[in-house]
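K.L.:
build the 3D model from these lines:
(chains A and B)
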Number of protein chains: 2
Amino acid sequence: MAADLLLHNALVLTLEPGAPPIPEGFVAVKGGKISAVGPAAAVRELPPARQSLDLAGALVLPGLVNTHCHAPMVWFRGLADDLPLKNWLTDFIFPAEGAWLDPEKTYWGTLAAAAEMIRGGITTVADGYFFETEVRRGLAQAGLRAVAAQGVVDFSAPGVPDPRDNLKVAADFLDSGAEFRRHGVTSAIFCHSPYTCGPETLTRAKELTRARAVPFFLHLAETRSEVEEVKQQHGLTPVAYLDRLGVLDELTVAVHAVWLTPADRELLARRGVKVSHCPESNLKLASGVAPIPELLAAGVCVGLGTDGAGSNNNLDLWGEMSLAARLHKVWGRDPTLLPAAQAVALATREGARVLGLDGHTGTLTPGKEADLIVVDLNQPHLTPLYDPFSHLAYAARAADVRHVMARGRWLLYDRKLTTLNWPEIAARIRQDCRGLASFCQNRRRP
Amino acid sequence: MAADLLLHNALVLTLEPGAPPIPEGFVAVKGGKISAVGPAAAVRELPPARQSLDLAGALVLPGLVNTHCHAPMVWFRGLADDLPLKNWLTDFIFPAEGAWLDPEKTYWGTLAAAAEMIRGGITTVADGYFFETEVRRGLAQAGLRAVAAQGVVDFSAPGVPDPRDNLKVAADFLDSGAEFRRHGVTSAIFCHSPYTCGPETLTRAKELTRARAVPFFLHLAETRSEVEEVKQQHGLTPVAYLDRLGVLDELTVAVHAVWLTPADRELLARRGVKVSHCPESNLKLASGVAPIPELLAAGVCVGLGTDGAGSNNNLDLWGEMSLAARLHKVWGRDPTLLPAAQAVALATREGARVLGLDGHTGTLTPGKEADLIVVDLNQPHLTPLYDPFSHLAYAARAADVRHVMARGRWLLYDRKLTTLNWPEIAARIRQDCRGLASFCQNRRRP
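P.N.:
Here you go, the predicted structure:
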């Protein structure tokens, strides 16, 4: 049985736990899945294939997994920076979302975000926002594997003017997701946080996702003020409070998880809660540094996320990898913390586990779907090469990604997008962002 | 008088203090210098020029200034990571430098480093290493503006087997620099640190540079153990100790400056000492976080540096900009610290001041030499555009640099190197690094 496609003569990292790099490796793809991976010193050792691609001088690894994004927030990239979180949200983001955002802009923003993510080697993204049907449509069109989660808050939100409808909208979103599931897009719910969603909303949203065995996301313990607020209101840390509500389990993804007590960390581990670590956003908003080495030591599964371009301001998982690998060393005063290979694992294999997609993606393992990227090694900043994990964590960048395949389909080939029309998207974004700029200019005036 | 070259129809950032972006701007170059900068809404408003380049959709800004590098250490990129500084130095770097490095490898390593820096928009670099005559030759060949500083330590070093010769080698290096000065390369001295150079070495090296009015570099207060060691030996903090030796002045560049007391900061400000901030390296080695907002508030002039690829592991100043702008926010618990425009200024104008080159480079000012870069804005991660400073600090990357000009000469044009032959350099590095890999493999064995 010949494979559909054979990628060969590359340095291959399967990202299976402990697996060494394969210097002259191949990856065979058949029916959208990985059918074989291995070394082949000579062409005659390769399995038969209908098509083959010689990748001399390149590195093949699993596609990156972005465990937290608000894709349409690319509209807000650089709109207002270097502000306290509260000013940023209440003076710019919330008003703009309320008065300016609509389903169509959400859709086009999603396409722009998808273009950026694909160019940077992301093949799977977990998104949480409003008008999420539009996000889901955009991500499916882009060909990304995704978990699209409808946003829920207990106040008026884009597409949900009356917060009493928030769970109905979310339930409808879940129920309309079957067709998208066939295209690799899971539908889920994203409760904004324990301070913007009441206990009833949190428990009912969790029930909706639990009944369908899909992930439940929420921002958790992002800032010290959140912790203080929840403590004051409920007498418990945010983690303990959520545990009392019964919403912590293996299908819960806690995003940020910055301000945790040792007891919180143990509780997250015991409940099997997954954590999405977004260090670039956490630093830019001065939220804090999540205790990732401690969470990993406690056995918590951690992935990396870009957060939205409104707070980051990019959707580049290479930056998160590099920052995660560096930041925890200085924070923990130990240069052996979060070594390169572990940072790469968080961005791939562990990210897939965070989203419950490890049966489908995250490693180059026969039987999994073909989500993979090809990195061009013939560049000054990647020369010489002693250890590919080191280069991926500390030197490689989004622009080094030459090809991207998700679910057996090329999304980027020779650095060109195959599923998205960037000039059309860019024209749209450039035209409509003027209205947003004026809207904010007017707000700045007294 | 027609200009030699006119860059027009671009978004221009002059980086002059407080200057707003020029949306439809031009930069005219004549005789290697900037002859005019301004807005021009129509082609007929442009000054006459023999050649012109329409830069629609691009951003023009001063070339980046890397205030600290050990260029030849690209040989050690990813050779040994995630280790305590002491192990990394004594088990890998020092033995490799001693037994393996030679003048020719130093030269080729410099060319590889130059290729990386030029592709990332660096037009000025301050380097400190051994066999610095080879580094100086390589940087001049690459066409970079540079301050090349001969390394000095009080023990055996590459090219200086007998440390009693270290200042003689340094003085000879300074004295052989006249021709290079005409090519934009200043010769200087880099004393490794106050714990590897004795008081006599430090004062005599400073005298040599002071007599020639060139910068004197040293690693200063990089780690807590350095501070402890100096305190134990001299009863003073490293900064106070150096001040007692009389080596702190406007032409001294303190690299790292992580562990400073408030009195140290005041002393650095009073003496006019400049600081090179290398956050990526400081994090990776778990050295600590330099008090940059406090130094800036005290009036100290600060620039950014990549450090060497052995510890970073890249020579990308965009990463330093993004990290500096983010890190100090979380460290100081204040999201308004080190805003985007300030981070961009540190990487350009302030870097030039650190090196005493602000009369020549660092801003797009008529009369200064033409050191400038062109950034391609038509990319998903730079769309939409509200504030170019925000994009430069938080979203742009080395690969976005399309053209690079130093001293009026293109070093990169349409992303192609014009002064360096990358295939030849790469082949050389790839071949010779095998020997280094074996050397280290053998050292790892018991």
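
K.L.:
A:T363 - how many residues pack around it?
P.N.:
Using other Cβ atoms under 10 Å in any protein chain shown, A:T363 has 21 neighbouring residues. (Each C-beta comes from the backbone N, C-alpha and C, glycine too.)

K.L.:
roughly how far apart are the closest residue to it other than its chain neighbours and A:E350?
P.N.:
Nearest residue to A:T363, sequence neighbours excluded (Cβ to Cβ, 6 or more residues apart in numbering or on different chains): A:L15, at 4.6 Å. Here the criterion is Cβ to Cβ, to the nearest Å. By it, A:L15 lies 9 Å from A:E350.

K.L.:
quick one on the thing from earlier: surely the residue nearest to A:T363 touches A:V344?
P.N.:
Yes - counting by Cβ atoms under 8 Å, A:L15 touches A:V344, with 7.1 Å between them.

K.L.:
who's in contact with stretch A:192-208?
P.N.:
A:151-155, A:166-167, A:170-171, A:174, A:189, A:191, A:216, A:218-220, A:222, A:226, A:229-230, A:238, A:241-242, A:245-247, A:252 (Cβ atoms under 8 Å, 6 or more residues apart in numbering or on different chains).

K.L.:
list residues touching both of A:L15 and A:E350?
P.N.:
In contact with both A:L15 and A:E350: A:G362, using Cβ under 8 Å, 6+ apart.

K.L.:
among the contacts of stretch A:192-208, which are in strands?
P.N.:
A:151-152, A:189, A:191, A:216, A:218-220, A:252 (DSSP state E).

K.L.:
check which residues of stretch A:278-297 are buried.
P.N.:
Judged by neighbour count using 16 or more other Cβ atoms under 10 Å in any protein chain shown, the buried positions of stretch A:278-297 are A:278-293, A:295-296.

K.L.:
hmm, that stretch in reach of chain B?
P.N.:
Yes - counting by Cβ under 8 Å from any Cβ of the partner chain, chain B has neighbours in stretch A:278-297: A:280, A:282-289.

K.L.:
span of that stretch from start to end?
P.N.:
Terminal residues of stretch A:278-297 are spaced 18 Å apart (Cα to Cα, to the nearest Å).

K.L.:
quick one: average pLDDT of that stretch?
P.N.:
What stretch A:278-297 shows for mean pLDDT is 97.

K.L.:
starting at the chain centroid, how far to that stretch?
P.N.:
15 Å (Cα atoms, centre = their mean, to the nearest Å).

K.L.:
stretch A:366-374 too?
P.N.:
Averaged C-alpha coordinates place stretch A:366-374 at 17 Å from its chain's average position (Cα atoms, centre = their mean).

K.L.:
any idea what sits nearest the residue nearest the centre of chain A, other than its immediate chain neighbours?
P.N.:
In chain A, the C-alpha nearest the mean C-alpha coordinate belongs to A:N66, at 1.9 Å (Cα atoms, centre = their mean). Counting by Cβ to Cβ, 6+ apart, A:V125 is the residue found nearest to A:N66 once chain neighbours are left out, at 4.4 Å.

K.L.:
in a helix, that neighbour, correct?
P.N.:
No - secondary structure of A:V125 (DSSP: H, G, I helix; E, B strand; the rest coil): strand, not part of a helix.

K.L.:
check whether stretch A:225-237 comes near chain B.
P.N.:
No - Stretch A:225-237 does not reach chain B (Cβ under 8 Å from any Cβ); its nearest approach is 11.6 Å.

K.L.:
right, is the lowest-mean-pLDDT helix or strand in chain A up against chain B?
P.N.:
Here the helix or strand of chain A ranked lowest by mean pLDDT, DSSP states H and E is helix A:85-87, holding a mean of 82. Yes - Helix A:85-87 lies within reach of chain B by Cβ under 8 Å from any Cβ, at A:L85.

K.L.:
in that helix, which residues are buried?
P.N.:
A:L85.

K.L.:
and the next element down the chain from it?
P.N.:
helix A:94-99 (DSSP states H and E).

K.L.:
CA atoms only for that next one, dumped as PDB, please.
P.N.:
Output of helix A:94-99 as PDB, limited to C-alpha atoms (Å, rounded to 0.1, in the frame of the first residue of the first chain):
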ATOM      1  CA  PHE A  94     -15.100  46.400  26.100                       C
ATOM      2  CA  PRO A  95     -16.400  49.600  24.400                       C
ATOM      3  CA  ALA A  96     -15.000  48.600  21.000                       C
ATOM      4  CA  GLU A  97     -16.400  45.100  21.400                       C
ATOM      5  CA  GLY A  98     -19.800  46.500  22.400                       C
ATOM      6  CA  ALA A  99     -20.200  49.300  19.800                       C
END
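
K.L.:
show me what the helix or strand following that helix is packed against.
P.N.:
Using DSSP H and E, the helix or strand that follows helix A:94-99 in sequence is helix A:103-119. Helix A:103-119 sits against strand A:64-69, strand A:122-129, helix A:132-142, strand A:401-406, strand A:409-413, strand A:416-417, helix A:422-444, with contacts defined as 3 or more Cβ pairs under 8 Å, 6 or more residues apart in numbering or on different chains; DSSP states H and E.

K.L.:
cutoff 6 Å now
P.N.:
helix A:132-142, helix A:422-444 (3 or more Cβ pairs under 6 Å, 6 or more residues apart in numbering or on different chains; DSSP states H and E).

K.L.:
any chance of these in CSV, plus distance to B:D371?
P.N.:
Shown next, in CSV, are the helices and strands packed on helix A:103-119 (distance: least, Cβ to Cβ, whole Å):
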stretch, distance to B:D371
helix A:132-142, 40
helix A:422-444, 30
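
K.L.:
comparing the ones you listed, which yields the minimum mean pLDDT?
P.N.:
Across these, helix A:422-444 has the smallest mean pLDDT, namely a mean of 89.

K.L.:
next up, the contacts around the residue nearest to A:N66.
P.N.:
A:66, A:69, A:117, A:144, A:146 (Cβ atoms under 6 Å, 6 or more residues apart in numbering or on different chains).

K.L.:
for chain B, what are the nearby residues on chain A?
P.N.:
Within reach of chain B by Cβ under 6 Å from any Cβ of the partner chain, chain A has these residues: A:78-79, A:81-82, A:84, A:112, A:115-116, A:283-286, A:313-314, A:326, A:329-330, A:333-336, A:339-340, A:380-381, A:383-384, A:386-387, A:390-391, A:394-395, A:397, A:399, A:426, A:429, A:433, A:437.

K.L.:
was I right about A:L268 contacting A:G299?
P.N.:
No - in this structure A:L268 lies outside contact range of A:G299 using Cβ atoms under 6 Å: 9.5 Å.

K.L.:
of these two, which one has the most company?
P.N.:
A:L268 (27 against 12).

K.L.:
that one: which element?
P.N.:
Per DSSP H and E: helix A:262-271 holds A:L268.

K.L.:
average pLDDT across that helix?
P.N.:
On average, helix A:262-271 scores 98.

K.L.:
report the angle between it and strand A:216-220.
P.N.:
Orientation check (axes from the mean of the first three to the mean of the last three Cα atoms, to 10 degrees): helix A:262-271 against strand A:216-220 gives 170 degrees.
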